[in-house]
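Colleague: coords below, sequence missing:
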């Protein structure tokens, strides 16, 4: 009597290994896809937080706002020349420099200086509303804040 496997046993074993391979590769690709999405979220959140912090810190101490038109703001800091932030295409820019890197793009942006009924001149605005949405390779995250201007009477 010879020892070995029958053809049926071999076919069943190959089928089981094939199913396990398909299940394993599906799980592996799912994990890799989730990892790429998580990395994209981290990049977008980090860049958005840095941009929001930069805008907030400089606008907060503005001496006078001269332009606030929905997509840009121009103001004079306590020291130095006027600063302009604007939403241009897929970037948030300060002068000719982009605040966001090429890893993320701007998909929505709004800058407003709401006025109270007693104040009608944008130069006397008490606060600035900033909102923008950044989009990475696999993530899109909105950012929003209201900056209270410190140098107001």
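Modeller: Ah, there it is. Values in this document were obtained by computation on a predicted structure and should not be read as measured data.

Colleague: direction included, what does the lowest-mean-pLDDT helix or strand in the chain pair up with?
Modeller: Lowest mean confidence among the helices and strands of the chain (mean pLDDT, DSSP states H and E): strand 62-68, at a mean of 86. Using DSSP bridges, strand 62-68 pairs in its sheet with strand 72-77 (antiparallel).

Colleague: bridging residues for residue 85?
Modeller: residue 73, residue 94.

Colleague: tell me the contacts of it?
Modeller: 55, 59, 72-73, 92-94, 99, 111 (C-beta atoms under 8 Å, 6 or more residues apart in numbering). Heads up, the C-betas are built off the backbone N, CA and C, glycines and all.

Colleague: could you tell me which of the residues you listed count as buried?
Modeller: By neighbour count, with 16 or more other C-beta atoms under 10 Å, those hold 55, 59, 72-73, 92-93, 99, 111 as buried.

Colleague: just to revisit the earlier point, looking at the contacts of residue 85, spot the one nearest residue 79.
Modeller: residue 59 (14.7 Å; C-beta to C-beta).

Colleague: and the closest one, what pLDDT?
Modeller: In this model, residue 59 is scored at 90, pLDDT.

Colleague: excluding chain neighbours, what is closest to it?
Modeller: Leaving aside its sequence neighbours, residue 59 sits nearest to residue 147 (C-beta to C-beta, 6 or more residues apart in numbering; 4.9 Å).

Colleague: any idea how far the one you found is from residue 51?
Modeller: The gap separating residue 147 from residue 51 is 13 Å, by C-beta to C-beta, to the nearest Å.

Colleague: look up phi and psi at the spatially most central residue of the chain.
Modeller: Centroid-nearest residue in the chain, with C-alpha atoms, centre = their mean: residue 134, separated by 3.3 Å. Backbone torsions for residue 134, taken as degrees, to the nearest 10, come to phi -110, psi 140.

Colleague: mind checking how far it is from residue 143?
Modeller: Remark: distance between residue 134 and residue 143 (C-beta to C-beta) = 7 Å.
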